[in-house]
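[1] Below are the sequence and a predicted model; questions follow.
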Amino acid sequence: MSQPINANRLFYASCFALITTAFSFSIRAGILTQLGTEMNLDTVQLGTINSMWFLGFPISMILGGIFYSYIGPKLIMQIALVAHAVGILMTIYAVDYNTLLISTLLIGLGNGCTEAACNPMIADSYSGIEMNSKLNRFHMWFPGGIVLGALVSKFMTDANMQWQAQIWVILIPTIIYAVLFYGQSFPKPRIGDNSVLANFKAMLNPLYLFMAACMALTAISEFGPQQWVGPILAKAGASPMLILALVTGLMAVGRYFAGPLIKKLNTVGVLLGSAVFGVIGLYMMSTMQGSMLYVAAVFYALGICYFWPNMLGYIAENLPETGALGLSILGGIGMFSSSMFQPVIGAWIRDNKVVAEA
């Protein structure tokens, strides 16, 4: 007799898996300057390393979405665990630029597997407003984990601890989610058609294509400024890691209490409001210095807070026939967009630094 599905335990395990993703994002952002100095890497090389994190993400998300109906979330999360563990250890013992590229790609693959397995698994376990609420609370732990990771990175850096010691911290949530998932029964795919061809046909819906185009833009507005917060704001008169902690902390709180807001405004209203606040926040952050950057960060956080989970929730609720593949492709597009822009942002920073020093 099969073990009954413990939806809450699976949900908590998924949250710790996403915290692993968040730690790999924020701690990497915190060590960029130290990593560049120790290994003699310029900002373009650092940007290329960052792009591997974002490149591995969509690759495994899309493949996971394609095969989700056939292999289920359990095997995908086992692959995520192996990729996370190997990638983290390779990063700690990295000796050159190429090793960092490979290790970061592996971590990105593990992160993508987490999204590919956990998003549809949560959508299969809950329905209606509860599903949207759970997706928001699940994605709360990406900014929530970034807050914790940013603070850990700041304190460890201020204590003159090596960047390798900070990477070891990422293993903590990795071990926890492995323990929570161990021995559990997983739900069978429920949303959409099990046929990949049927999923692809559903994804040709103009509404899905529009949301995919929006995801490419909203994702880079979230991940671009956050990943480069250290080099960009280092001399702006505010603590970069505190800015990152403030932004992601507000995002975590906003996503936790998203249920009543969605019920009142509906998903489209929430996304429209996010776009307005996002534009205001990005403009303020690009024009202000000193303590006003903390005010700008509040607007920016309110803008990007609801983008990712509610775009996924909107597709899951309104186009369920796209299945797990539709969710994975949508998230993959966002991460691929972020991957493409990482070296570009690095080049912008390098070129503007040269101009400033001239």
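    Received it, and whenever you're ready, just let me know what you need. Since the model is a prediction, treat every value here as computed from it, not as a measurement. Numbering: from 1, shown residues only.
[2] I'd say residue 109 and residue 85 touch.
    No. Using Cβ atoms under 8 Å, residue 109 is not in contact with residue 85, being 11.9 Å away. Using the backbone N, CA and C atoms, a C-beta is placed for each residue, glycine as well.
[3] For residue 294, give me its contacts.
    Residues near residue 294 by Cβ atoms under 8 Å, 6 or more residues apart in numbering: 238, 242, 243, 246.
[4] Now for the second one: which residues touch it?
    Meaning residue 242. 150, 154, 294.
[5] Likewise for residue 207?
    So residue 207 contacts 318, 319 (Cβ under 8 Å, 6+ apart).
[6] Whichever strand or helix holds residue 35: which residues count as buried?
    Assessed by DSSP states H and E, residue 35 sits inside helix 7-38. Neighbour counts over helix 7-38 (16 or more other Cβ atoms under 10 Å) mark 7, 10-36 as buried.
[7] Which elements pack onto that helix?
    Applying 3 or more Cβ pairs under 8 Å, 6 or more residues apart in numbering; DSSP states H and E, we find helix 7-38 packed against helix 43-92, helix 97-125, helix 128-158, helix 163-169, helix 171-181, helix 206-227, helix 229-233, helix 240-256.
[8] Which one's more surrounded, residue 109 and residue 85?
    residue 109 (28 against 19; other Cβ atoms under 10 Å).
[9] For that one, give its distance to residue 59.
    Distance, residue 109 to residue 59, using Cβ to Cβ, to the nearest Å: 7 Å.
[10] again, but for residue 181
    Relative to residue 59, residue 181 is positioned 22 Å away (Cβ to Cβ).
[11] Comparing the two, which shows the higher neighbour count?
    Using other Cβ under 10 Å, the more surrounded residue of residue 181 and residue 59 is residue 181, with 23 against 18.
[12] now the more buried one, nearest residue through space, not along the chain?
    Nearest residue to residue 181 in three dimensions, chain neighbours excluded: residue 13, at 4.6 Å (Cβ to Cβ, 6 or more residues apart in numbering).
[13] Show the contacting residues for the one you found.
    Contact analysis of residue 13 by Cβ under 8 Å, 6+ apart lists 177, 180, 181, 184.
[14] Could you list the low-pLDDT ranges of the stretch 51-200 of the chain?
    190-194 (pLDDT under 70).
[15] Point out where the stretch 251-358 of the chain drops to low pLDDT.
    352-358.
[16] Do you have the helices of it handy? List them.
    258-287, 292-304, 307-318, 323-357 (DSSP state H, counting those that start in this stretch).
[17] Highest mean neighbour count out of those?
    Most buried of these by mean neighbour count (mean count of other Cβ atoms under 10 Å) is helix 307-318; its value is a mean of 24.
[18] Packing partners of that one?
    Looks like helix 307-318 contacts helix 97-125, helix 128-158, helix 206-227, helix 258-287, helix 323-357 (3+ Cβ pairs under 8 Å, 6+ apart).
[19] closest to residue 66 out of those helices?
    The minimum distance between residue 66 and the helices and strands packed on helix 307-318 falls on helix 323-357, with 5.8 Å, by Cβ to Cβ.
[20] so can I have JSON lines of the helices and strands packed on helix 307-318 showing distance to residue 200?
    Listed next are these as JSON lines, based on distance: least, Cβ to Cβ, whole Å:
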{"stretch": "helix 97-125", "distance to residue 200": "16"}
{"stretch": "helix 128-158", "distance to residue 200": "23"}
{"stretch": "helix 206-227", "distance to residue 200": "10"}
{"stretch": "helix 258-287", "distance to residue 200": "24"}
{"stretch": "helix 323-357", "distance to residue 200": "7"}
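[21] Those: which one's closest to residue 80?
    Here helix 97-125 is closest among these (Cβ to Cβ), at 3.5 Å.
[22] buried set for the closest one?
    Under 16+ other Cβ under 10 Å, the buried positions of helix 97-125 are 100-101, 103-125.
[23] ok, now which ones touch residue 340?
    residue 51.
[24] pLDDT (mean, whole number) over stretch 220-234?
    The pLDDT scores in stretch 220-234 average 73.
[25] Quick one: residues in contact with stretch 76-96.
    By Cβ under 8 Å, 6+ apart, stretch 76-96 touches 17, 20, 24, 39, 56, 60, 64, 67-68, 99-100, 102-111, 113-114, 116-118, 164, 167-168, 170-171, 174, 177-178, 181.
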